[in-house]
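Chemist: Coordinates for the following, if possible.
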Amino acid sequence: MAVSGGFMGKILSVDLSRRAISDEALPSEEVLRKFVGGAGLGLYYLWRHTSPDMQPTDERAPLIFMTGPLTGTSAPSAANFTTVCLNFDVPYAAGVGHSHGFWGAYLKFAGYDGILVTGKSTSPVYLLVDDGRAEIRDADRFWGQDTRETERLIKREIGGDPDKISVASIGPAGEAILHGGMVKNDRNHGASKGSPGAIMGSKKLKAIAVRGTKRLPIARPEPFWQATEEWDRKLFAPPTSHEKMTTAIALKDAGQTRLYSMFGQAGWAAVRNLTDPEKGIPFTANYIEALSRWEVTPKASYNCKIACAYNVKITDGPFAGYTVSLCGGGENMEGAAGMIGVEDAGATLVLTDFYDGMGVDSANAGPVVAMAFEAYTRGLITAEDTGGLELQWGNYEAGMQLVKQMIAHEGFGAKLAEGLGKAAQAIAKGKGVLADELAQELARMTVHVKKAGVNLHDFRAEWGTLLGQIVSPAGPGWHAPGADFLLHEPDVGYPDRPPGTAVTIEEAKGKALEVRRTQRKKLWDDSTGVCWFATLNVAGVVELTARAVGTAVGWDDFDAEEALQVGERVATFMRLIAVKRGFTKQHDFDISPRLLEPPANGPGAGKSIAPYLEAMVDEYYRLMDFDLETGQPNPASLARLGLAEYA
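Modeler: Numbering: from 1, shown residues only. The predicted model follows:
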C-alpha cells in the first residue's frame with residue numbers, strides 16, 4: 001500500500017479454529033482506488049476468501065468488518081463500518097450490512113481498517129482489539145446474554161473509561177444461528193443485511209470490543225478540512241422549500257419523533273402485514289403523541305451532528321420506567337410492532353427494544369411473525385396450531401413469545417424459525433390434503449424479496465424504491481434507494497415530488513434509470529465510511545465526498561465521476577459474485593405476491609408494480625450493461641469497470 005492517508009494500512013486477520021491472530025497489509029493502491037473501502041473493499045476480501053461452492057456457515061467462510069477512508073475523520077457523520085459475508089438469507093449473494101455508532105472509528109483508532117474472521121471456535125469467545133494489540137478471550141459467561149447486557153459486562157471486564165470502548169456483539173438470535181441475526185453495537189446501532197449475527201453465532205464469536213488512541217493520517221489536511229467544512233455547511237443549509245430539506249435537517253436531534261406521522265398519512269407505514277395501510281395513521285400518530293410526553297434523548301454517533309438515534313424513557317402508562325434505545329428511522333418499529341397490528345406506543349417501543357436486545361432484525365423475523373398473525377386472524381391456523389398463543393392483531397405479548405420460541409427452536413415458533421422461504425411449508429406440513437393449498441396461501445402472504453426481509457416501510461406505491469429492493473444484487477436493502485421516497489436527491493437528478501405522492505403510470509418507464517443513478521451514489525457512499533444521512537438530498541455532495549476521500553488519501557485527481565464509477569463497480573461486483581454462486585435472472589422475480597398487490601387503501605390504493613415489473617427489470621439490465629437473458633454483467637461492462645480479472 002502506497003497511499004499516505006485515510007487508511008491505517010492494515011487489517012486484523014483472526015482464525016478462530018487455530019486461535020491465531022495476525023496483521024495483514026492492505027492490498028495495493030490500485031485495488032484500494034478501485035474499491036476504496038467499506039462495502040467495496042469488504043467485497044474484495046470476500047471474493048479473495050471464498051469459492052462458489054462455499055456455504056455461509058462453513059468453517060473457512062469469512063466474516064469481514066470494514067471501515068472506509070473517512071471513518072473516524074472529521075468528515076460529517078464519519079462513523080460507518082460495513083459487515084460483509086456470504087449471505088445467510090440469500091445463499092447465492094453476498095451479505096452487506098452497515099452500522100454507525102462508535103465502533104468503526106474506534107477500530108481505526110486501534111490501528112486497523114478492518115477485521116477478517118475465519119474459522120470456528122469450539123467454545124464461546126470474544127475478541128479484544130486494544131490500541132494495536134488483539135487477543136481472543138473466553139466468553140462463556142456472556143453466552144446467552146442480550147446485546148445490551150453483553151456490551152455492559154464486556155466493558156466492565158476490560159476496565160477503564162467505558163465511553164472509550166465500543167462493543168459489537170450478538171444476542172441469543174445470533175447464537176441460535178437464526179435468520180435475521182444482527183450484529184449490534186453501541187446500543188442504538190446494528191448491521192443486519194445478510195444476517196451477519198448468525199455467521200458470528202456459527203463461529204461462537206460473541207463480540208468484538210475495540211479501543212484505541214492512534215491518530216488517523218490525512219494526506220492533505222488543509223484541503224481536506226476545506227472540503228468537509230463546506231460539506232457540513234451544505235448539510236445544514238436552510239431549505240428553500242420542504243421538498244428540498246436535507247435528511248440531516250429532517251432527522252436532526254431524533255427528528256423521527258417529530259416527523260413520523262407523515263409516514264402514516266403517506267401510506268408508507270408497514271402495518272398489519274401490509275393489509276391495511278390506513279392503520280398506519282394511528283400507529284404513527286400514537287407514537288408522535290406519546291413521545292411528546294416522554295423523555296427523548298438524542299444519541300449521536302461519532303462526529304455526527306444529526307443525532308437521529310435516540311433513547312426514550314417511558315414516563316407513564318403500563319410501561320413506565322422502561323428506557324429503550326432506537327436508531328433514527330421507523331423501519332425497526334414497523335417490522336417488530338406495526339406488522340402485527342400493535343398501535344400502542346409503549347408496546348411498540350418495548351417490543352422493538354426486545355428485538356434489538358435479542359439481536360434479531362425485525363425486517364427478517366417480523367414478516368414471518370406477521371404472516372402467522374394474519375393467518376390466525378383469517379382462520380387459516382388456530383390456537384391448536386400455535387400452542388395456545390392468540391395471534392390477534394395488536395397482541396404484542398404473543399409476538400414477543402413467538403420470537404422467543406424462534407430463538408429457542410421450540411413450539412410453533414420453531415416453524416417460523418425456518419425463515420421467510422420455508423416457514424409456510426413448515427406450518428402447513430401435516431395438514432393432509434389441504435397442506436399444499438395452505439402452504440401456497442401462507443407463502444403468498446409472506447413479505448420478502450429473494451426470501452429475505454425488505455426494508456420495512458410499505459413501498460408498493462413507490463415503484464423506484466421497490467424496484468431498488470427487488471434488483472439489489474446482495475438481496476433487498478438500501479443499495480439502490482430509488483427516486484420517489486421522501487425527498488429529492490439533486491446530484492442524481494431526482495425530481496421534486498411532494499412526500500406521499502403515489503406513482504403515476506407515466507413515471508414507470510423512468511424508474512430503472514432512477515435506480516441505477518441512486519445505486520451508483522449510494523454504493524459510493526457505502527464505500528467511504530460516512531453515513532448515508534450525511535449525503536442524502538445534499539446538493540453537490542458527490543463532488544465533496546470525492547474531494548474529501550481524495551485529499552484524505554492523497555489521490556489529488558479523484559473526482560465525482562470516478563466516485564460514481566466506484567459505486568457502479570461495487571454494484572456490478574455484487575452481481576458478479578451472485579452469478580458465480582448460481583444467480584439467474586429468475587431470482588430477480590422471486591418476490592412476495594403481497595408486494596405485487598395494490599395497497600387496499602391510502603394514497604397508493606389500486607397501484608401495482610406487477611404489470612410493469614418485467615420491463616423495468618429489463619431496462620435496468622440495459623442501463624447496467626447486463627445480459628438481458630441471464631442478468632449477468634456483459635464482458636464490455638466488466639472491462640470498462642476494471643472487473644474482467646474477477647469474472
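
Chemist: the domain parsing of the chain - what is it?
Modeler: 10-211, 247-445, 463-646 (automatic domain parsing).

Chemist: Regarding the longest one, how distant is the last residue from the first?
Modeler: Read it as domain 10-211. End-to-end distance for domain 10-211: 16 Å, by CA to CA, to the nearest Å.

Chemist: tell me the mean pLDDT for it?
Modeler: Domain 10-211 shows a mean pLDDT of 98.

Chemist: counting contacts, what elements does the helix or strand A105 falls within pack onto?
Modeler: Element membership of A105, judged by DSSP states H and E, is helix 103-109. For helix 103-109, the contact count by 3 or more CB pairs under 8 Å, 6 or more residues apart in numbering; DSSP states H and E identifies strand 63-67, strand 81-86, strand 166-169, strand 205-211 as packing neighbours. (Glycine included, C-beta is placed from N, CA and C.)

Chemist: 6 Å instead?
Modeler: strand 166-169 (3 or more CB pairs under 6 Å, 6 or more residues apart in numbering; DSSP states H and E).

Chemist: contact partners of the helix or strand immediately after the strand it packs on in the chain?
Modeler: Using DSSP H and E, the next helix or strand after strand 166-169 towards the C-terminus is helix 172-175. Helix 172-175 is contacted from outside by 181, 197-198, 200-201, 358-360, 407, using CB atoms under 6 Å, 6 or more residues apart in numbering.

Chemist: can you check stretch 549-568 too?
Modeler: Taking CB under 6 Å, 6+ apart as the rule, stretch 549-568 contacts 3-6, 36, 69, 218-220, 223-224, 520-521, 523-524, 527-528, 542-543, 546.

Chemist: Check stretch 285-303 too.
Modeler: Residues outside stretch 285-303 that contact it (CB under 6 Å, 6+ apart) are 78-79, 100-102, 105, 188, 253-254, 257, 260-261, 307, 309-315, 343, 345.

Chemist: pLDDT (mean, whole number) over that stretch?
Modeler: 96.

Chemist: and what of stretch 625-638?
Modeler: 97.

Chemist: And for stretch 410-424?
Modeler: Rounded mean pLDDT across stretch 410-424 is 97.

Chemist: CA-only coordinates of that stretch in PDB, if you can.
Modeler: Provided in PDB are the C-alpha atoms of stretch 410-424 (Å, rounded to 0.1, in the frame of the first residue of the first chain):
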ATOM      1  CA  GLU A 410     -39.400 -24.500  20.400                       C
ATOM      2  CA  GLY A 411     -43.200 -24.700  19.900                       C
ATOM      3  CA  PHE A 412     -44.900 -23.000  17.000                       C
ATOM      4  CA  GLY A 413     -42.000 -20.600  16.700                       C
ATOM      5  CA  ALA A 414     -39.700 -23.400  15.600                       C
ATOM      6  CA  LYS A 415     -41.700 -23.500  12.400                       C
ATOM      7  CA  LEU A 416     -41.300 -19.700  11.900                       C
ATOM      8  CA  ALA A 417     -37.500 -20.100  12.600                       C
ATOM      9  CA  GLU A 418     -37.300 -21.900   9.200                       C
ATOM     10  CA  GLY A 419     -37.200 -18.300   7.700                       C
ATOM     11  CA  LEU A 420     -39.100 -16.400   5.100                       C
ATOM     12  CA  GLY A 421     -38.600 -19.000   2.500                       C
ATOM     13  CA  LYS A 422     -39.600 -22.200   4.400                       C
ATOM     14  CA  ALA A 423     -41.900 -21.200   7.200                       C
ATOM     15  CA  ALA A 424     -45.100 -21.500   5.100                       C
END
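
Chemist: Give me the buried positions along it.
Modeler: 411-413, 415-424 (16 or more other CB atoms under 10 Å).

Chemist: What is the most widely separated pair among these?
Modeler: By the measure CB to CB, G411 and G421 form the most distant pair in the buried residues of stretch 410-424, at 20.5 Å.

Chemist: Leaving out the residues flanking it, which one is nearest to K299?
Modeler: A309 (4.6 Å; CB to CB, 6 or more residues apart in numbering).

Chemist: That neighbour: neighbouring residues, count only.
Modeler: 25 (other CB atoms under 10 Å).

Chemist: Equivalent analysis for Q440, please.
Modeler: Q440 has 14 nearby residues by other CB under 10 Å.

Chemist: Now it, what are its backbone angles?
Modeler: The phi/psi pair for Q440 (degrees, to the nearest 10) reads phi -70, psi -40.

Chemist: What segments of the stretch 101-250 of the chain are strands?
Modeler: Applying DSSP state E, counting those that start in this stretch to the stretch 101-250 of the chain gives strands spanning 114-118, 125-130, 133-138, 166-169, 183-185, 189-191, 205-211.

Chemist: gap between the longest one and the chain center?
Modeler: Chain-centre distance of strand 205-211: 20 Å, with CA atoms, centre = their mean, to the nearest Å.

Chemist: what's the pLDDT at T246?
Modeler: 85.

Chemist: so who does it touch?
Modeler: 235, 537-538.

Chemist: Equivalent analysis for E59, please.
Modeler: 119-120.

Chemist: Thanks a lot, see you next time.
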